[in-house]
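J.: kindly generate the corresponding structure for this input.
(chains A and B)
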2 protein chains.
Amino acid sequence: MRAEIVSIGTEITSGQSLDTNSRWLSQELAALGVTTAFHTTISDDLADHVLAIRAATDRASLVITSGGLGPTQDDLVREALALVADVPLEEDAESLAAIIALFARRSRPMPERNRTQALLPRGAGALANRVGTAPGVWMRIGQSTLAALPGVPSEMKVMFHEQVVPRLREAGFVKGATAFQKINLFGKGESDIEALALDLTARGRDPEVGITASEATISFRIAATRATEAEAKAAILPTAELIRERFGELILGDGDVDVAQALVTALDRASATIATAESCTGGLISAMLTAIPGVSRFFLGGVTSYSNEAKSSLLGVPRDLIEAHGAVSPEVAAAMAVGARDRFDADLAISSTGVAGPGGGSPQKPVGLVYLGLATRAGLVETRKLELGPEQPRDVIQKRGAKHALNWARLALATT
Amino acid sequence: MRAEIVSIGTEITSGQSLDTNSRWLSQELAALGVTTAFHTTISDDLADHVLAIRAATDRASLVITSGGLGPTQDDLVREALALVADVPLEEDAESLAAIIALFARRSRPMPERNRTQALLPRGAGALANRVGTAPGVWMRIGQSTLAALPGVPSEMKVMFHEQVVPRLREAGFVKGATAFQKINLFGKGESDIEALALDLTARGRDPEVGITASEATISFRIAATRATEAEAKAAILPTAELIRERFGELILGDGDVDVAQALVTALDRASATIATAESCTGGLISAMLTAIPGVSRFFLGGVTSYSNEAKSSLLGVPRDLIEAHGAVSPEVAAAMAVGARDRFDADLAISSTGVAGPGGGSPQKPVGLVYLGLATRAGLVETRKLELGPEQPRDVIQKRGAKHALNWARLALATT
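T.: Just a heads-up that it's a prediction; the model follows:
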């Protein structure tokens, strides 16, 4: 059972997003075991409606449209459906009565143009709209079943749950249930991790495993479809266990856990406090940590020492150390971490100093060169060198540098 | 000239969005006078790739795909293009050399898998990738011209501007010109600003004016299409001037200027330095400032004082002040700003203390209550109260609080 979602609206080039409806629908369908193979967005042109609906009903057995059912001239779905099915539009008495009743409840007369919302292609059924004026449409086109839903999210969601899902069950489209699990990793590139997971991501494997990357965080997504939700969830477990065994400390956690959350979990387990000293990441390590609710139990604070003066006065980095090695050096990274640890009296401190670019690079210290420092209460002081450039933009270098620092602190807590 | 954008990835049902790339591309195309009539999203199934690319090349004269050019088994665009065009895949020597060179620059051997990224359908041209491994593809399929771009936004954008746009011009696709100007505002809500701009945003007005909001920054977008770029740009000027006159100091600047950039411009004009002291914004003010290249000339540094102890030891906030008024108070906000100004020896310092939530709120100090502080070298010390909750999530409260602080500093520099 493969579905296509068609989003209809004028927003395609305006910078607004129709994506939210589509995502919601595809997730609801996935939970019913229906895969969304295509998602198409079109603007308010009748010929494009016809092309898109024809293509969708040709290639998917279930088509769901959202939008285009309003009373205005821009609302063309009813007309397009009639054209694709080659049938006339006819007024549905029950739908018209429902629209008139809705306006009566709101103590307003029905504007004449809302009458068009009661039109249905001949042979189609109306999907009642409990929360708005536009009824939906339920019909067969060729080998495909089509549901046309309103674009207003609140109306669409109620109509999907109350009108579409029961019809899908009745028609035998919905069998079983699909369960998902996401496992996030950090510390290796996507192709390196993919190379270690070829058996898992192979086509046709059950459970299915997908792999995606976002800002250097890699995600495995396990999916299994079974007769019941409990069976689907159980089917996922051995694959999740296999991934955990194989990727060990690269794993940040189950679900959509990123490095900052994983570090906070590690701090909680170790009952440890942390502080930061940042130069090239400019406060981003601190900001990523404080995005996590409840972090104040573990995070004492941080210093962004953007000037050499601040490195000395606020973190106690010796001036001659900066002069001897330069601000971007392992020596200064180490002294910054020690300074933050001592000033905040923290169990652990992490630091960054580097060249975020786009200017300021040199052959010896190119854009993307970042030194991280780590200092623990037990007296461990270490540094690490990252080469994140030189072709990456400033924000990518800053984000990756910050994520590497957070991840290093997580690993340090796990091993000490 | 009508275009179709095809977004490729496994994320269609996972809740992640491929929409950002598509929106960016459709806006760039609009600026070239090309209308995006369709946008299709597909998952990583080869047969679906073929169906979607075939449908797109049947109905649009320009097709741009993003994603699916990586080195993994899920990356199927090259294969799909060869199938649709009915030609074999062949290794492109120049692309292979570029990929090997990129890995060499990163001091890593090229994994064997990445070799597949140098494959091209026979007759197609490679689009050089200056910032990543995957070259793009430029080819004709039937009556349509197709450009296949990587899904990584930074790679896609560079490739579009440097490789695709010149080819579109050369092929004569781009005729006439549309000029755009964005004017960003901060400090009032979208509906308030919209109510003051009904004459500007009226349908059918030329130049056209759109209004959008993103994280409390409001953007006007003026668009005019004329025979030449110079004429289009000239047509925009009177509308831009009208907006500048009407909205005065709310205006952050022309183009996609956000509050941090506007503050840096103001710092530059005033030759002033700045420092920060953050509690509830957790380093975000500092991170937003340091996202701007060249900010080191003005930004001396900041302290994230997440614990009361840090507020005293690093910023010199008196302990009895915190005890008397609580950490979330105008008194502490003021003392934090004074502390940052003095410790960093800055011309100006801004501070934040508040309840970011979701926990920690009380009837007296609810989630979303934020006090900002501002202190200048001339001795001005002020505070401001924001009520950003209680229904907003933590990240929105933190971002809005940080943006209000940056904006306040901008206005303070303009008036002193």
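J.: quick one: end-to-end length of stretch A:201-210, please.
T.: With Cα to Cα, to the nearest Å applied, stretch A:201-210 spans 6 Å between its terminal residues.
J.: now A:G123: which helix or strand?
T.: Under the criterion DSSP states H and E, no helix or strand holds A:G123.
J.: okay, it: pLDDT?
T.: Per-residue pLDDT puts A:G123 at 95.
J.: with A:T13 instead?
T.: At A:T13, pLDDT is 42.
J.: tell me where chain A is predicted with low confidence.
T.: Along chain A, segments meeting pLDDT under 70 span A:1, A:9-19, A:416.
J.: stretch A:233-244 vs chain B: in contact?
T.: No. Counting by Cβ under 8 Å from any Cβ of the partner chain, chain B is not contacted by stretch A:233-244; separation bottoms out at 14.7 Å. (C-beta placed from N, C-alpha, C; glycine too.)
J.: run the chain-centre distance for that stretch.
T.: 22 Å (Cα atoms, centre = their mean, to the nearest Å).
J.: and that stretch, what's buried?
T.: A:233, A:235-236, A:239-240, A:243 (16 or more other Cβ atoms under 10 Å in any protein chain shown).
J.: identify the residues contacting A:K233.
T.: Counting by Cβ atoms under 8 Å, 6 or more residues apart in numbering or on different chains, A:K233 touches A:179, A:224.
J.: kindly report the same for A:T304.
T.: A:278-279, A:282-283, A:286, A:310, B:276, B:283, B:286, B:290, B:301-304.
J.: and which of these is nearest to B:V396?
T.: B:G283 (16.6 Å; Cβ to Cβ).
J.: number of residues surrounding that closest one?
T.: For B:G283, the tally of surrounding residues (other Cβ atoms under 10 Å in any protein chain shown) stands at 35.
J.: show me where the stretch 151-300 of chain A has strands.
T.: Assigned by DSSP state E, counting those that start in this stretch, the stretch 151-300 of chain A shows strands spanning A:177-186, A:208-214, A:217-226, A:251-254, A:274-278, A:299-305.
J.: the last one pairs with which strands?
T.: Sheet partners assigned to strand A:299-305 using DSSP bridges are listed as strand A:274-278 (parallel), strand B:299-305 (antiparallel).
J.: which is the next helix or strand following that strand?
T.: helix A:308-315.
J.: that following helix - contacts with which helices or strands?
T.: strand A:299-305, helix A:319-325, helix A:330-344, strand B:299-305, helix B:330-344 (3 or more Cβ pairs under 8 Å, 6 or more residues apart in numbering or on different chains; DSSP states H and E).
J.: give me the domain ranges for chain A.
T.: Using automatic domain parsing, the domain parsing of chain A gives A:2-170, A:177-254, A:259-415.
J.: winner for burial among those?
T.: The highest mean neighbour count among those, using mean count of other Cβ atoms under 10 Å in any protein chain shown, belongs to domain A:259-415: a mean of 22.
J.: near chain B, anything from stretch A:196-209?
T.: Yes. Interface with chain B: stretch A:196-209 contributes A:198, A:201-203 (Cβ under 8 Å from any Cβ).
J.: nope, stretch A:54-70 is what I meant
T.: Yes. For stretch A:54-70, a contact with chain B is found by Cβ under 8 Å from any Cβ, at A:55, A:59.
J.: ok so, going back, tabulate the helices and strands packed on helix A:308-315 (a markdown table), appending distance to B:H39.
T.: Below are the helices and strands packed on helix A:308-315 laid out as a markdown table (distance: least, Cβ to Cβ, whole Å):
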| stretch | distance to B:H39 |
| --- | --- |
| strand A:299-305 | 41 |
| helix A:319-325 | 52 |
| helix A:330-344 | 45 |
| strand B:299-305 | 40 |
| helix B:330-344 | 46 |
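J.: for B:H404, find the nearest of the domains of chain A.
T.: Smallest distance to B:H404 across the domains of chain A (Cβ to Cβ): 15.9 Å, for domain A:259-415.
J.: out of the strands paired with strand A:299-305, which is closest to A:E331?
T.: strand A:274-278 (13.7 Å).
J.: farthest residue from the center of chain A?
T.: A:D320 (46.4 Å; Cα atoms, centre = their mean).
J.: around chain B, pick out the residues from the stretch 51-200 of chain A.
T.: Checking the stretch 51-200 of chain A against chain B by Cβ under 8 Å from any Cβ, the hits are A:51-52, A:55, A:59, A:180, A:182, A:190-192, A:194-195, A:198.
J.: contact partners of stretch A:326-339?
T.: Under the criterion Cβ under 8 Å, 6+ apart, residues A:277, A:279-280, A:303, A:305, A:308, A:311, A:314-318, A:321-322, A:324-325, A:349-355, A:365, A:369, A:371-375, A:381-383, A:385 lie in contact with stretch A:326-339.
J.: give me that answer again for 6 Å
T.: A:277, A:308, A:315-317, A:321-322, A:325, A:349, A:351, A:353-355, A:365, A:371, A:373-375, A:381, A:383 (Cβ atoms under 6 Å, 6 or more residues apart in numbering or on different chains).
J.: again, but for stretch A:134-151
T.: A:57, A:61-67, A:69, A:77, A:84-85, A:95, A:117, A:124-127, A:129, A:156, A:159, A:164.
J.: could you do stretch A:207-225 as well?
T.: Identification of contacts with stretch A:207-225 by Cβ under 6 Å, 6+ apart yields A:33, A:176, A:178-186, A:190, A:193-194, A:200-201, A:232, A:235-236, A:239, A:243, A:258, A:399-400, A:403, B:10, B:14.
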